[in-house]
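# generate a structure from the sequence data that follows.
(4 chains)
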Number of protein chains: 4
Amino acid sequence: MKRIGILTSGGDAPGMNAAIRAVTRKAIYNGLEVFGINYGFAGLVAGDIRRLEIADVGDKIQRGGTFLYSARYPEFATKEGQLKGIEQLKKFEIDGLVVIGGDGSYHGAMALTKHGFPAVALPGTIDNDIPGTDFTIGFDTAINTVLESLDRIRDTATSHVRTFVIEVMGRDAGDIALWAGVAGGADEIIIPEHDFDMAAVAKSIREGRDRGKKHCLIILAEGVMGGNEFAEKLSEHGDFHARVSILGHVVRGGSPTARDRVLASKFGGYAVELLLAGKGGLCVGILNNEIIATDIVDTLENGKHRPDLSLYALNKELSF
Amino acid sequence: MKRIGILTSGGDAPGMNAAIRAVTRKAIYNGLEVFGINYGFAGLVAGDIRRLEIADVGDKIQRGGTFLYSARYPEFATKEGQLKGIEQLKKFEIDGLVVIGGDGSYHGAMALTKHGFPAVALPGTIDNDIPGTDFTIGFDTAINTVLESLDRIRDTATSHVRTFVIEVMGRDAGDIALWAGVAGGADEIIIPEHDFDMAAVAKSIREGRDRGKKHCLIILAEGVMGGNEFAEKLSEHGDFHARVSILGHVVRGGSPTARDRVLASKFGGYAVELLLAGKGGLCVGILNNEIIATDIVDTLENGKHRPDLSLYALNKELSF
Amino acid sequence: MKRIGILTSGGDAPGMNAAIRAVTRKAIYNGLEVFGINYGFAGLVAGDIRRLEIADVGDKIQRGGTFLYSARYPEFATKEGQLKGIEQLKKFEIDGLVVIGGDGSYHGAMALTKHGFPAVALPGTIDNDIPGTDFTIGFDTAINTVLESLDRIRDTATSHVRTFVIEVMGRDAGDIALWAGVAGGADEIIIPEHDFDMAAVAKSIREGRDRGKKHCLIILAEGVMGGNEFAEKLSEHGDFHARVSILGHVVRGGSPTARDRVLASKFGGYAVELLLAGKGGLCVGILNNEIIATDIVDTLENGKHRPDLSLYALNKELSF
Amino acid sequence: MKRIGILTSGGDAPGMNAAIRAVTRKAIYNGLEVFGINYGFAGLVAGDIRRLEIADVGDKIQRGGTFLYSARYPEFATKEGQLKGIEQLKKFEIDGLVVIGGDGSYHGAMALTKHGFPAVALPGTIDNDIPGTDFTIGFDTAINTVLESLDRIRDTATSHVRTFVIEVMGRDAGDIALWAGVAGGADEIIIPEHDFDMAAVAKSIREGRDRGKKHCLIILAEGVMGGNEFAEKLSEHGDFHARVSILGHVVRGGSPTARDRVLASKFGGYAVELLLAGKGGLCVGILNNEIIATDIVDTLENGKHRPDLSLYALNKELSF
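Numbers count the residues shown, from 1 in each chain, chains lettered A, B, ... in the order given. Take a look at the predicted model:
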């Protein structure tokens, strides 16, 4: 292994830059050359590739987004696209690839692996919905950003004795809602992984009010339904005048937290160690507080992200 | 003057607590008794009134929202409501009132004044749309909160080379969009005070892209139209795939900035000085960096908030 | 078990309030009465004890410090003090106690246990130096606070091409320096757990400069030596004009991060479960991402906090 | 005027980058070429000068520090240094210069002016101690950074019922201490512009405690004396066990606030307008909320910065 490439793909996540920095510095420290590929798999196929030096990753660890840019590129699901990508890698004499991203990026890395090109995938997405890891790069920052908003909304909700529905990202996974909900003292957490009963929610709001609660914060993962739809359905069970707040793309950016930067640094460093050892076809994760690598095919086909549902049960007892 | 009352009314704004604290402490320092009225004019009419001591305003200066709660109460527009309010004030032997809030609160204070009860109004609203003052309590915090979101969105917009429409509060006044837009390096600022041409916006985005701009941020005051409507109309002029972010109630809360706390402290202190001097029927403001008081009837009837439109012109030259 | 008490002891840490809230709400949910003890063991001995209701822990989850106050109280190391404490607990008919704090607090809880009173200890300290847990309540917030300062200092260091020595808390444990150092891209991390060679540090700064580095950030755990002493000794090896920044008590306060609030909530909930099951003499922790309880006597006598020294090795390769 | 240069000098301040961006964009918009001079007057004399394009100031508005770097360079006080600087400017065919910085930078700009070279100075320093302006670029960010620390320290101070001395920057000017002190609810503000009596301070702490105050925060401008010295002298008047916190360089960096970015943008835009109109020998400021320019020689020789001492009097009544 003499030259490695690195790209970010899918939605950006805070900490991607810290991971790119770690890969680049660790690789150069160990005698490798590093090439950055712009715009994810799209840039790979197009050959938008440039040498990365130490100075290129200076002053980047604290920045949100990804300085290698990202893109969604469904064309990489085709064999044709994949072979074109490998062609470009060979043209630049790149022997190994680090891919940072979410589900789609993992599938891209898996495809390269199946074609015999060693790729290592790192989980980078705010949604925390990747198999083979307890936490993804960007999740910690995202829940803190949501939390800041929850704290702000609580000020207004308390001042006006109001009910708020706060919609957060999470199409399939309720992790953001779960963690931010517990941390923010949400009264209700509505996630795809758990049924809920609107009449019971309404009853609980009413009872809370009767006991003197000054606010009711309902945190809702977008995968269940939209915030406005939720508020409308809630209104069928009583006059709650619920306000809706949709925390959309704001949650994606921002300077990464300490934990996301450390996680990204560890993941990046480990990815380089794997490639140095000639290993590919792997995805890196943290399981039970240990950095590990698992077979990417097996992880994607048989793995499943398990959100920490103990938080759901805990919140029921803490927010009654 | 021996006893004064204080209430917050209308939408909450960061710094209201700092103003309540300043009024309370300054008044007690000068030998007055202070009564807090909960839930604005609604609580005034209902007699939801309690003595405030120094300890009640401890550890409050840094908090968002209003610990006296607030409410919208259209009934106070009627003479009946106003007289009931004055009755309650007399019952508690309160001789003067400080009202903190926006436009509606000013009208409430004006009504009391017309009935002969000395009231002093302080401008407290994130919208900055009150006549008689360059800045309102809460505005500085609000623009910094919007700015944080803009900075975060820029990370994602740059990473994906995307156009974003960011809708911010401001039904009649574009101040939030103007200030946050200039501070955030927005490419376009769309406000009620200024016409715009959608075709020109589209052209400008296209030209920016051609010159290599990595993102386009359009900040839009809700008074012009909604963010989704804007994005749809923009799409009639080209394929921009603009994402929309609606910064709603999140912008209302949060710990006040230094400037909002200082402004709130100065306003609160000055209101007490006016009441101590037996003066009522006034609203306090800051004009050309000087704390002043103007006649509330005159200000409401003849005053007009003037946003700093020099920022609009400046941004045109800075964001081309 | 019908009544439990709760106290915070030693240095305050962000998330203590979230833990008190969790204990209180979970206990009341499960039919217990809860008593808050002010000022730690000092208040316990003095009988400064009051009933906590749901409303008392409202709007507290987001606050730094501890609303039950804390104090250092060496007198509790004596048998006399301990028996007086138990006397007070009996007077209030309290059957179990939750103690939140650091090393000293654990010893207090152990003493009560040895006297037959069921106590459960939760790790609450920014230093992360408690055996039996990978993470303490407050650590995550502290490293993010340090990180914010590092990011700020980097602005100035880069603008002026300067060397900075940043002293952080940590008498015996280098965890804060390690985590914040990796997250902040520190060039050198100096901790009690690892030797260092001042001449090598000086050489590394010089070489970095020669390679074009714009700044050099050295993060130093106070347990090694003071920042000013370090800068002086460094100056014996060359003219570095190092600036010193001592991040002292600022790092103790602040609104807790999402992770600290979730950890505090889990710890608090689990402590109540233990007491409900009649178990005492335990300390709660998180090991390998699992909430666990270990025997407090055994943990204090045989346990040892193990900082994640893999971060030290990682940083060497990332910061060269 | 066809080409202008820009440099930052002295201590860095948040918002300098926003000012450089504004100057660059406004100048290019108006047909000028812009040259960035690295490392202040040192780089000017050395000819460390490069063309700035629109792309060079992209993604800079939100960054702390100065991407043109800064340096102290006493040699520019000599006529020889000044003439060398002018020689370099002529070599690059630069017709006008914008200088951003504090007192020393103003003197540099004045010297160039006296030699017949048109220079415009912008006030950029966190200290707010420049004549001819109510506010400097960086001051608003600095007071908010100090305020965050004050809020954090209050958590610990309240939890432990303690006295804290917080030393902030400000050798000659007490502005930071004044503003942050009022905003942070400091109990005492100690500044160079006002006498104080240590015995009275001690008495006030004691009386506050007796009235139930949970903390005492003393904010101290470094120009009066150091924090440790203050605490020691205070201890001669009683056993206060005051903790000391020195907020040093941390306060210099960080992303600028909305107000600092707007101020920097306005100042930068106005500087270009002045140069376009062929005017030099001026310094830009904001007086009574209006952007103005004054003669630099007159301002330096006869001007005087006036801190807002009404804040001192106000705090006496609000913090008793």
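
# next, the residue in chain A that chain D sits nearest to: secondary structure please.
Using Cβ to the nearest Cβ, the closest approach of chain A to chain D is made by A:Ser255 at 8.6 Å. Just so you know, the C-beta spots here come from the backbone N, C-alpha and C atoms, and that holds for glycine as well. Under the three-state scheme (DSSP: H, G, I helix; E, B strand; the rest coil), A:Ser255 adopts coil.

# gap between it and C:Gly47?
47 Å (Cβ to Cβ, to the nearest Å).

# compare those two (neighbour count), which wins?
A:Ser255 (21 against 15; other Cβ atoms under 10 Å in any protein chain shown).

# ok, A:Gly5 to A:Leu112 distance?
From A:Gly5 to A:Leu112 the distance is 10 Å (Cβ to Cβ).

# what's the overlap in contacts for those two?
By Cβ atoms under 8 Å, 6 or more residues apart in numbering or on different chains, A:Gly5 and A:Leu112 have these common neighbours: A:Leu97.

# anything in stretch A:290-297 near chain C?
Yes. Applying Cβ under 8 Å from any Cβ of the partner chain, one finds stretch A:290-297 in contact with chain C at A:Glu290.

# ok, residues contacting that stretch?
So stretch A:290-297 is contacted by A:106, A:109-110, A:113-114, A:119-121, A:132, A:266-267, A:270, A:274, A:279, A:281-286, A:303, C:288 (Cβ under 8 Å, 6+ apart).

# quick check: phi and psi on A:Val272?
Main-chain dihedrals, A:Val272, degrees, to the nearest 10: phi -70, psi -40.

# backbone dihedrals for the residue of chain A closest to chain D, please?
phi -70, psi 130.

# now the helices for the stretch 1-150 of chain A?
Counting by DSSP state H, counting those that start in this stretch, the stretch 1-150 of chain A has helices at residues A:16-29, A:40-46, A:79-91, A:103-114, A:139-160.

# in the shortest one, which residues are buried?
If you call a residue buried by 16 or more other Cβ atoms under 10 Å in any protein chain shown, then helix A:40-46 has these buried ones: A:Gly40, A:Phe41, A:Ala42, A:Gly43, A:Leu44, A:Val45.

# nearest residue to the first one in space, ignoring adjacent ones along the chain?
In other words, A:Gly40. A:Ser9 (3.5 Å; Cβ to Cβ, 6 or more residues apart in numbering or on different chains).

# same deal with A:Glu167?
Per Cβ to Cβ, 6+ apart, closest to A:Glu167 is A:Gly227, 3.4 Å.

# distance of the residue of chain A positioned farthest from its centre relative to A:Ser204?
Here the centre of chain A is the reference, and by Cα atoms, centre = their mean the most remote residue is A:Asp210, at 38.8 Å. According to Cβ to Cβ, A:Asp210 stands 11 Å off from A:Ser204.

# close to chain B: what parts of chain A are there?
A:8, A:11-12, A:14, A:63-66, A:69-71, A:145, A:148-149, A:151-156, A:158-161, A:164, A:214, A:243-254.

# redo that, cut-off 6 Å
A:12, A:64-66, A:69-70, A:149, A:152-153, A:155-156, A:158-160, A:243, A:245, A:248-250, A:252-254 (Cβ under 6 Å from any Cβ of the partner chain).

# what about A:Lys203, how many residues nearby?
So A:Lys203, with other Cβ under 10 Å, has 13 neighbours.

# A:Cys283 too?
31.

# how about it, secondary structure?
Once three-state DSSP is applied, A:Cys283 turns out strand.

# hang on, it packs against A:Gly132?
Yes. Between A:Cys283 and A:Gly132 there is a contact under Cβ atoms under 6 Å: 5.3 Å.

# tell me, what's touching these two both at once?
A:Thr294, A:Thr299 (Cβ atoms under 6 Å, 6 or more residues apart in numbering or on different chains).

# for the nearest residue to A:Gly303 once chain neighbours are set aside, which residues are in contact?
Of all residues not flanking A:Gly303 in the chain, A:Pro131 sits nearest, at 2.9 Å (Cβ to Cβ, 6+ apart). By Cβ under 6 Å, 6+ apart, the residues touching A:Pro131 are A:Thr299, A:Gly303, A:Lys304, A:His305.

# strands along the stretch 151-300 of chain A, start to end?
Using DSSP state E, counting those that start in this stretch, the strands of the stretch 151-300 of chain A run over residues A:163-168, A:188-190, A:216-221, A:243-246, A:282-287, A:290-295.

# and the pLDDT at A:Phe230?
Per-residue confidence at A:Phe230 stands at 98 (pLDDT).

# quick check: the gap between it and chain B.
15 Å (Cβ to the nearest Cβ, to the nearest Å).

# ok, that residue - contacts?
Here A:Phe230 is in contact with A:Val165, A:Leu220 (Cβ under 6 Å, 6+ apart).

# next: A:Val272.
Here A:Val272 is in contact with A:Val23, A:Lys26, A:Ala27 (Cβ under 6 Å, 6+ apart).

# how much space separates the second one from chain C?
Separation of A:Lys26 from chain C (Cβ to the nearest Cβ) stands at 5 Å.

# one step back: the residue nearest to A:Gly40 is in contact with A:Gly101, isn't it?
Yes. At 3.8 Å, A:Ser9 counts as touching A:Gly101 under the criterion of Cβ under 6 Å.

# pLDDT at the closest residue in space to the residue of chain A closest to chain D that isn't next to it in sequence, what is it?
In space, and not counting its chain neighbours, A:Ser255 is closest to A:Gln62: 5.1 Å by Cβ to Cβ, 6+ apart. pLDDT, A:Gln62: 96.

# A:Gln62 reaches C:Asp151, doesn't it?
Yes. A:Gln62 lies in contact with C:Asp151 (Cβ under 6 Å); the separation is 5.1 Å.

# ok, A:Gly5 and A:Leu112, which is more surrounded?
Per other Cβ under 10 Å, whichever of A:Gly5 and A:Leu112 has more neighbours is A:Leu112, with 27 against 24.

# what sits against the more buried one?
A:Ala119.

# switch to 8 Å and redo it
A:Gln82, A:Gly85, A:Ile86, A:Leu97, A:Ala119.

# and the first one, how close does it get to A:Phe41?
The span separating A:Gln82 from A:Phe41 equals 9 Å under the rule Cβ to Cβ.

# any residues in contact with both of the two?
If you check A:Gln82 and A:Phe41 against Cβ under 8 Å, 6+ apart, the residues they both contact are A:Phe76, A:Gly108.

# centre of the chain versus stretch A:246-261, how much separation?
The chain centre lies 9 Å from the centre of stretch A:246-261; the measure is Cα atoms, centre = their mean, to the nearest Å.

# the residue nearest to A:Gly40: how many residues sit nearby?
Neighbour tally, A:Ser9, other Cβ under 10 Å: 33.

# tell me the phi and psi of it?
Dihedral angles (degrees, to the nearest 10) for A:Ser9: phi -140, psi 160.

# and for A:Ser9 and A:Gly101, which residues touch both?
With Cβ under 8 Å, 6+ apart, A:Ser9 and A:Gly101 have common neighbours A:Gly40, A:Ser70, A:Gly108.

# pipe these into JSON lines and attach pLDDT per row.
Below are these laid out as JSON lines (pLDDT from 0 to 100):
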{"residue": "A:Gly40", "pLDDT": "97"}
{"residue": "A:Ser70", "pLDDT": "95"}
{"residue": "A:Gly108", "pLDDT": "96"}
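
# quick one: which of the residues you listed is nearest to chain C?
Nearest member of the shared contacts of A:Ser9 and A:Gly101 to chain C, counting by Cβ to the nearest Cβ, is A:Ser70, at 22.1 Å.

# contacts only, for that closest one.
A:Thr8, A:Ser9, A:Gly10, A:Gly11, A:Asp12, A:Met16, A:Tyr39, A:Gly40, A:Gly101, B:Ser159, B:His160.

# ok, it to A:Gly58 distance?
Taken as Cβ to Cβ, the span from A:Ser70 to A:Gly58 is 21 Å.

# and for A:Gly124?
21 Å.

# what about these two, which has more around it?
Set side by side, A:Gly124 and A:Gly58 show more neighbours around A:Gly124, with 32 against 16, by other Cβ under 10 Å.
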